[in-house]
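Trainee: Predicted model and sequence below, questions to follow.
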Amino acid sequence: MTHWYCTLCHTETSSKDQPERCPNCSGEKIMLTDKEAGIPKTPEDVRDIARKRLKGLCAAYPACDGNFDKICQKEAYGKPIGFGGAGQGAGFRANALALSAIRLKTRVVGEHVEPDTRTRFLGLDLDFPVMAASTAGIERYNNVVSEVDFCRAVVRGSREAGTIGWRGDTWFYTPENNPALRVLKQEKGHGIPIFKPRAQDVLKKLISLAEEAGCPAVGMDLDGCGSTIMAKHGQPVFRKSMAEIRELVEFSSLPFIAKGIMDPDDAEACAEAGVKVVSVSNHGGRVLDSVPGTAEVLPEICHRLKGRVFITADGGVRTGYDVLKMLASGADAVLLGRDIIRAAVGGGSLGVKLHLDHIHKVLKKALFMTGQASARGANSKILC
Ligand SMILES: Cc1cc2nc3c(=O)[nH]c(=O)nc-3n(C[C@H](O)[C@H](O)[C@H](O)COP(=O)(O)O)c2cc1C
C-alpha cells in the first residue's frame, strides 16, 4: 500500500497504484505525491520537479533572465513563445538587468526591530506585499497540468501564504468556459481575474461573472492588445481608449486594475479613467521586444501617481531582495510571474506556498538589514 499526499488540498489517501484523481479535491494524478518518496519541503525540491516536467521549455535555472543561453530563448525563430520573451528577449533581459543594477544599502546601527511586512490591498489584509501574477495557458505546456489544477494551485497556494493570486486570460478561455472563473467561484472569490482587452460586451460579461464569483477586484492587461493568437481563435483583442476604460470601470462594482502600464502618461490616463490599481509591467518582456525593464520606468510612474492609485510592479522579480528594490522604487506591491508558474507545476499549492514563504522570509531579512521597520515605509533612500 502506498500513501499518496495531495499537493493541492493536503489530504492523504492510501492505495496500491497512484489514483487517477485525488478522492478529496479531484486534483489530477500529477498533484499526488508518494509520501515515502518524499513530499517537497523546499522551493528547490519544487524546482527540481518542475525542471523535469517542463523539459524543453524551461530548465528552472537559478537565474531566470531571458539570456540567449537559456532554453526559453534559444532558437527563438518561429518557435512558440513558451516561457520566453518576445523577439530576441531583450525586454525579458532588461527586467533582470534593471533590477541587478539597483543595489541595497546595508544599515546596521539603530533600534532592533522585527520588520512588519503586512500591507492592505483594496481592503484586503495581506501578510506581505507580494502576489502571484496573472498567468494563463499553462495546460498547453508539455500537457503536464490541467488549466483548472494550475489555477487552483496558484489561488490556494497564495491564500495559504497569506496573500492573493491574480489569474490570467488566454485564447482557450471564453465567458462560457473559463477555467480561472470556475476556480475562483469554487475558491469563494479569493483571487483576481485579469482579462485580455477583448470587445467591450465580452468584457462586461466576464466582469459580471467575476462579481458573481465574489472576487475582490477585476482587471485588464492592456498590453495584451497585440495578441494575434486571440484573434486567430475568434476572440479579438483591442487597444482601449480612456473612454472605454472608464466605461468598464463604471460598469464594474469592483475596483478595477489596469495592467501592462510602462509609461507615465498611460498611467495618468488610467487613473483619470478611475482605475484603482496601476500595474506596471511589460508582461515579462513577452508582448514587445526592446522595452526597458520595469524597474527603470517605475520611479517616474510612481512619482506622478503615488497615493492616487495603488501601484504594483512585476518583471524579473526572483528574490525578496528584488521585492524590496521594487518597493523602495515606489511600488506598493510586487507580482511574481514565471517563478509562481514553476512552483505550481512542480508542487501544486504546496509548491506555491513554499515559494511565497521563502520570498516573504527573504524580504523580511532584506528589510532588517537595510534598517527598515516596515515594508510600507521602504523608500529610495535605501537604494544605491
Ligand atoms: C507563461 C506566461 C503566461 C502569462 N500569461 C499572462 C496572462 O494571461 N495575463 C497577464 O496579464 N499576464 C500574463 N503573463 C505576464 C505576467 O503576469 C507577468 O507580468 C510577468 O510574468 C512578470 O514577469 P516574470 O515572469 O519575470 O516574473 C504571463 C507570463 C508568462 C511567463
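Mentor: Received the coordinates, thanks.
Trainee: Give me every residue in this structure lying close to the ligand.
Mentor: Near the ligand, the residues belonging to the chain are 83, 95, 133-137, 168-170, 194, 221, 259, 281, 283-284, 286, 314-317, 336-338, 341 when assessed by Cβ under 6 Å from any ligand atom. All C-beta spots, glycine's among them, are computed from the backbone N, C-alpha and C.
Trainee: Of these, which belong to strands?
Mentor: 194, 221, 259, 314, 336 (DSSP state E).
Trainee: So for whichever residue of the stretch 151-300 of the chain sits closest to the ligand, what's the nearest residue that isn't a sequence neighbour?
Mentor: Using Cβ to the nearest ligand atom, the closest approach of the stretch 151-300 of the chain to the ligand is made by Gly168 at 2.4 Å. Distances taken as Cβ to Cβ, 6 or more residues apart in numbering place Ala136 nearest to Gly168, at 3.3 Å, with adjacent residues excluded.
Trainee: That neighbour touches Val154, doesn't it?
Mentor: No: counting by Cβ atoms under 8 Å, Ala136 does not reach Val154; the two are 10.1 Å apart.
Trainee: more neighbours, the two?
Mentor: Val154 (31 against 24; other Cβ atoms under 10 Å).
Trainee: Identify the residues contacting that one.
Mentor: With contacts defined as Cβ atoms under 8 Å, 6 or more residues apart in numbering, Val154 is in contact with 132, 135, 165, 167, 191, 340, 344, 349, 352.
Trainee: can I assume the fourth one is in contact with Ala133?
Mentor: If I follow you right, that is Arg167. No: assessed by Cβ under 8 Å, Arg167 is found out of contact with Ala133, at 9.6 Å.
Trainee: what residues are up against Gly226?
Mentor: So Gly226 contacts 237, 287-288 (Cβ under 8 Å, 6+ apart).
Trainee: Check the contacts of Val154 and tell me the two furthest apart.
Mentor: Greatest spatial distance in those: Thr135 and Ser349, 14.9 Å, computed using Cβ to Cβ.
Trainee: and the residue nearest to Gly168, what does it touch?
Mentor: 147, 167-170, 173, 180.
Trainee: Apply 7 Å and report the result again.
Mentor: 167-170, 173, 180 (Cβ atoms under 7 Å, 6 or more residues apart in numbering).
Trainee: Check Gly162 too.
Mentor: The contact partners of Gly162, taken as Cβ under 7 Å, 6+ apart, are 126-128.
Trainee: Just say helix, strand or coil for it.
Mentor: Taking DSSP: H, G, I helix; E, B strand; the rest coil as the rule, one finds Gly162 in the coil state.
Trainee: Got phi/psi on it?
Mentor: When read as degrees, to the nearest 10, the backbone of Gly162 gives phi 90, psi 20.
Trainee: Quick check, pLDDT for it.
Mentor: On the pLDDT scale, Gly162 is placed at 98.
Trainee: now do the one 10 residues further on
Mentor: The confidence metric pLDDT takes the value 97 at Phe172.
Trainee: Can you give the domain ranges for the protein?
Mentor: Split into domains by automatic domain parsing, the chain comes to 1-39, 119-382.
Trainee: Distance to Tyr61 added to these, as CSV?
Mentor: Output for the domains of the chain, formatted as CSV (distance: least, Cβ to Cβ, whole Å):
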stretch, distance to Tyr61
domain 1-39, 22
domain 119-382, 10
